[in-house]
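J.: heads up, no residue letters with this:
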């Protein structure tokens, strides 16, 4: 244990900084260090961690329950492209007017879509009715 004045004199003598580690402790805990170098290394570590992060976007694909086969295939190709790019996918089937009375058509379409993109992704959240649309989330398959 040493007084604050002695510690400060020692830090100045070594051309370093006196940094309080635990100021609320009794007595306060201090450390003699090069604070500028410490801050630089901390920033460097944070920058490196940010560089290694992968930002995952959620792309949405909308279809109607009366979609034609070629249009459906185009939506499947788009979905596979998004999944291979590492993005998550929100697939929704919108029901308009009287088509709400036939949700089984939308479920069949969703199951067909799930089968079509099965080599690129796996279902995250299963098919669920939200308002006037069926929604399903698909995540890319992990490449291990």
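T.: Great, that's in hand. The structure displayed is predicted, hence computed values, not measured ones.
J.: nearest the geometric middle of this protein, what residue?
T.: residue 56 (4.8 Å; CA atoms, centre = their mean).
J.: tell me the domain boundaries of the protein?
T.: Listed by automatic domain parsing, the domain ranges of the chain are 4-51, 58-140.
J.: how long is the first one from one end to the other?
T.: Criterion CA to CA, to the nearest Å; first-to-last residue distance in domain 4-51 is 41 Å.
J.: I'd like the domains of the chain laid out as a markdown table, including mean neighbour count and mean pLDDT.
T.: C-betas here are computed from N, CA, C, even on glycine. A markdown table is the format used below for the domains of the chain (neighbours: other CB atoms under 10 Å; pLDDT from 0 to 100):
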| stretch | mean neighbour count | mean pLDDT |
| --- | --- | --- |
| domain 4-51 | 12 | 88 |
| domain 58-140 | 16 | 87 |
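J.: now do the same contact list for residue 22.
T.: Residue 22 makes contact with 28, 29 under the criterion CB atoms under 8 Å, 6 or more residues apart in numbering.
J.: the same query, at a cut-off of 6 Å, please.
T.: Residue 22 sits next to residue 29 when contact means CB atoms under 6 Å, 6 or more residues apart in numbering.
J.: so how far is residue 132 from the residue nearest to the centre of the chain?
T.: When distance is defined by CB to CB, to the nearest Å, residue 56 is 27 Å away from residue 132.
J.: my read is the residue nearest to the centre of the chain is in a helix, agree?
T.: No - according to DSSP: H, G, I helix; E, B strand; the rest coil, residue 56 belongs to no helix; its state is coil.
J.: helices of this protein, start to end?
T.: Along the chain, counting by DSSP state H, helices occupy 4-13, 35-51, 69-84, 103-116.
J.: now what about the third one, what contacts it?
T.: For helix 69-84, the surrounding residues in contact (CB under 6 Å, 6+ apart) are 59, 61, 63, 89, 116, 117, 120, 121, 140.
J.: looking at those, which is nearest residue 5?
T.: residue 140 (60.9 Å; CB to CB).
J.: for that closest one, list the residues it contacts.
T.: Counted by CB under 6 Å, 6+ apart, residue 140 has contacts 83, 86, 121.
J.: the strand ranked longest in the chain pairs with which strands?
T.: The strand spanning the most residues in the chain, taking DSSP state E as the definition, is strand 121-130. The pairing partners recorded for strand 121-130 under DSSP bridges are strand 133-140 (antiparallel).
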